[in-house]
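Chemist: Test case, fold it:
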Amino acid sequence: MVNIAGRLYISTIADDAARLARDYGFGLEIAEFCTAFNMDTGVESWDRQVRGEMQGLHRFIFHAPFNELCPASIDPMIVEVTRKRYAKAFALMSGYGIDTMVAHSGFVPPLHDEGWFVEKSVLFWNDFLSDKPDGFKLYLENVLEGTPWMLREIACAIGDGRFGLCLDVGHAAIRGGGNPVAEWVDQMLPHLGHVHLHNNDGSQDTHNGPGDGAADVAAVIRRVTEAAPDATFTIETIAGKTSVEWIKSKGFL
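Modeler: Numbers count the residues shown, from 1 in each chain. This next block holds a predicted model:
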């Protein structure tokens, strides 16, 4: 069994995330600004919270805002809002000394034609990456996709080492059309660089602990460690402590 502690993060959606990260040597995925208006309202308070969580830790990922944002929207004004939000997110994460971002794809079925979505996403992300430093990394995350093929097509077309894919296990468990989530790993290769670990019963995105749901999260972790040995993981659940204990019980810590 592979010990993943050195490439494991925990999301700050868990109240005990910072403590667990310090206790176990994890990294931290900053989620306070997933809600875009937190970048506008009460920013000083959110900033104090984030800086407090980061104290004593050394590995970080920044989760970009996502509510109603879409890089490939049919409405160009929505694309422009999305562009501004991601620019502000990049400025924030840079201020924290963070160089890795996770962003949602924004795909909404059946609203978006898949071919359109791939084409417009490639244009958006190429533009976004055009002024980013060599050390920057962005992972595009599945949310409502039924398969990973669109994300894979986007990554292939961009062909930039700074752009990779994030497999969200809980989202795939809902939208995956009955396919075992572990199969998504191989379909995202060679672009898979990050994985969000959480679970659900297959009907709602409840962000349960990895052992609490229909997805075989242990199988996903095993497959990722075999097929993408440099990929990182984030525990993205409300139940921080019980999630860590489950991962430990499976021999991954």
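Chemist: how far away is the closest residue to Pro109 other than its chain neighbours from Gly135?
Modeler: Closest residue in space to Pro109, ignoring its immediate chain neighbours: Leu144 at 5.9 Å, by CB to CB, 6 or more residues apart in numbering. Glycine gets a C-beta too; all of them are placed from N, C-alpha and C. Taking CB to CB, to the nearest Å as the measure, Leu144 falls 31 Å from Gly135.
Chemist: what do you get for Gly95?
Modeler: 15 Å.
Chemist: now Phe90
Modeler: Plainly put, Phe90 is 13 Å away from Gly135 if you go by CB to CB.
Chemist: helix, strand or coil for Val220?
Modeler: Here Val220 is recorded as helix under DSSP: H, G, I helix; E, B strand; the rest coil.
Chemist: mind listing the strands for the stretch 51-200 of the chain?
Modeler: For the stretch 51-200 of the chain, strands defined by DSSP state E, counting those that start in this stretch occupy the ranges 60-63, 100-104, 137-141, 163-168, 192-197.
Chemist: Could I get the ones you listed in a markdown table, plus columns for mean pLDDT and mean neighbour count?
Modeler: Output for these, formatted as a markdown table (pLDDT from 0 to 100; neighbours: other CB atoms under 10 Å):
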| stretch | mean pLDDT | mean neighbour count |
| --- | --- | --- |
| strand 60-63 | 98 | 23 |
| strand 100-104 | 98 | 23 |
| strand 137-141 | 98 | 23 |
| strand 163-168 | 98 | 26 |
| strand 192-197 | 98 | 26 |
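Chemist: which of Leu144 and Gly135 has more neighbours?
Modeler: Leu144 (16 against 8; other CB atoms under 10 Å).
Chemist: which residues does that one contact?
Modeler: Phe107, Val108, Pro109, His171, Arg175 (CB atoms under 8 Å, 6 or more residues apart in numbering).
Chemist: run the last query once more with 6 Å
Modeler: The contact partners of Leu144, taken as CB atoms under 6 Å, 6 or more residues apart in numbering, are Phe107, Pro109, Arg175.
Chemist: tell me, how many neighbours does the last one end up with?
Modeler: A total of 19 residues lie near Arg175 under the criterion other CB under 10 Å.
Chemist: which non-adjacent residue is nearest it?
Modeler: Nearest residue to Arg175, sequence neighbours excluded (CB to CB, 6+ apart): Gly146, at 5.2 Å.
Chemist: Just the pLDDT for that neighbour.
Modeler: Note for Gly146: predicted pLDDT of 91.
Chemist: do the same with Gly178
Modeler: 58.
Chemist: What of Ala182?
Modeler: 85.
Chemist: Please apply the same query to Leu111.
Modeler: pLDDT for Leu111: 88.
Chemist: For Phe136, see how far away the residue nearest to Glu141 when sequence neighbours are not counted is.
Modeler: Excluding the flanking residues, the one nearest Glu141 by CB to CB, 6+ apart is Cys166, at 4.0 Å. Separation of Cys166 from Phe136 (CB to CB): 15 Å.
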